[in-house]
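J.: Next comes the sequence, and after it the predicted model I'd like to discuss.
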Amino acid sequence: MSETTQGIAIEARAVSAAWMKVERARHPKRPYPMDLIERLFTDFSEIHGDRAFSDDEAVACGMARFRGVEVMVIGNRKGGTTKEKMRRNFGMPNPEGYRKALRAMKFAEKFRRPVITFIDLPGAFPGLGAEERGQAEAIARNLIEMARLLVPTIAIISGEGGSGGALALAVADRVLILENALYFVITPEACAAIMWRDAAHKERAAEAMRITAQEVLELGCVDAIIPEPPEGAHEDHEAAAALLGDHLQKHLAELNALSIDAMIAQRQRKFREIARFYNEL
């Protein structure tokens, strides 16, 4: 086999491995955020509405208990049936969803409860109405406020963590990602359509973008990878939730041991240093 042929074969294997992660993250039986929330938390009491426009069904927020600890839980909802998915924009929040999430975070801050967010969305909802109601402003406001919340914050990327839509719930002290989850600025299909004018190059884009859990950990975009059952979280929801719960408990204990000033300083320093590739002398 020639060097050229070997190179093509190696590249094909790499692309296939990257795309396999995409397929696992999007598997129809993969647990959605609410599937994990139901298995990890008790006494979930949902908060509705943003007190400005409406109640976005793509976002669920509520007080809950996690292994005896009072917390605030936030996660996006995708829905089960086709009608539910359409009503919830396939899990993509409108601006009122982000405002509802921020309202819940402020409740948590008032009552000194840690905030835990679950993320599985390709991005914020891009509809005309969402833009007219201030989608960009709502996302930006969440980024600002999450950076200075006076309580521990943990974000969990359980499926797809897409663009500013995910980041608006992920400016946290700890950003955890499941083993087969993804974190990206744009979907591989959209990237391929821009770069090669053909979404059929999605596998090539997935490999080039470095969006898998191990790759984003190496880039410093997340703090830890949560292992999944051998065949993936979609094969055993209970085991996946149990593995996540143990890691969540550990990180929550570490954050609770920090002073508020030290916690905020650490959080802000982490996000300032993301994507730093060199230092000027």
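T.: Sure thing, it's come through.

J.: how about the closest residue to Ala147 other than its chain neighbours, secondary structure?
T.: Take Ala147 and drop its neighbours on the chain: the residue closest to it by CB to CB, 6 or more residues apart in numbering is Val171, 5.3 Å away. Just so you know, the C-beta spots here come from the backbone N, C-alpha and C atoms, and that holds for glycine as well. The three-state label for Val171, taken from DSSP: H, G, I helix; E, B strand; the rest coil, comes out as coil.

J.: roughly how far apart are Val171 and Ile37?
T.: For Val171, the distance to Ile37 equals 20 Å [CB to CB, to the nearest Å].

J.: quick one: the helices in the stretch 51-200 of the chain?
T.: Assigned helices in the stretch 51-200 of the chain, in chain order: 82-87, 95-110, 128-132, 135-147, 163-167, 188-195 (criterion: DSSP state H, counting those that start in this stretch).

J.: and those as TSV, adding mean pLDDT, distance to Thr42 and mean neighbour count?
T.: Rendered in TSV, the data for those read as follows (pLDDT from 0 to 100; distance: least, CB to CB, whole Å; neighbours: other CB atoms under 10 Å):
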stretch	mean pLDDT	distance to Thr42	mean neighbour count
helix 82-87	84	24	11
helix 95-110	96	17	23
helix 128-132	94	33	13
helix 135-147	96	25	17
helix 163-167	93	26	22
helix 188-195	94	37	18
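
J.: possible to save the ones you listed as a markdown table with distance to Met72?
T.: Conversion of those to a markdown table gives the following (distance: least, CB to CB, whole Å):
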| stretch | distance to Met72 |
| --- | --- |
| helix 82-87 | 24 |
| helix 95-110 | 4 |
| helix 128-132 | 24 |
| helix 135-147 | 12 |
| helix 163-167 | 18 |
| helix 188-195 | 32 |
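
J.: Of these, give the one that comes closest to Lys270.
T.: helix 135-147 (10.2 Å; CB to CB).

J.: Check which helices and strands the closest one sits against.
T.: Packing contacts for helix 135-147, counted by 3 or more CB pairs under 8 Å, 6 or more residues apart in numbering; DSSP states H and E, involve helix 95-110, helix 163-167, helix 260-273.

J.: Let's see that with 7 Å instead.
T.: Using 3 or more CB pairs under 7 Å, 6 or more residues apart in numbering; DSSP states H and E as the contact criterion, the neighbours of helix 135-147 among helices and strands are helix 95-110, helix 260-273.
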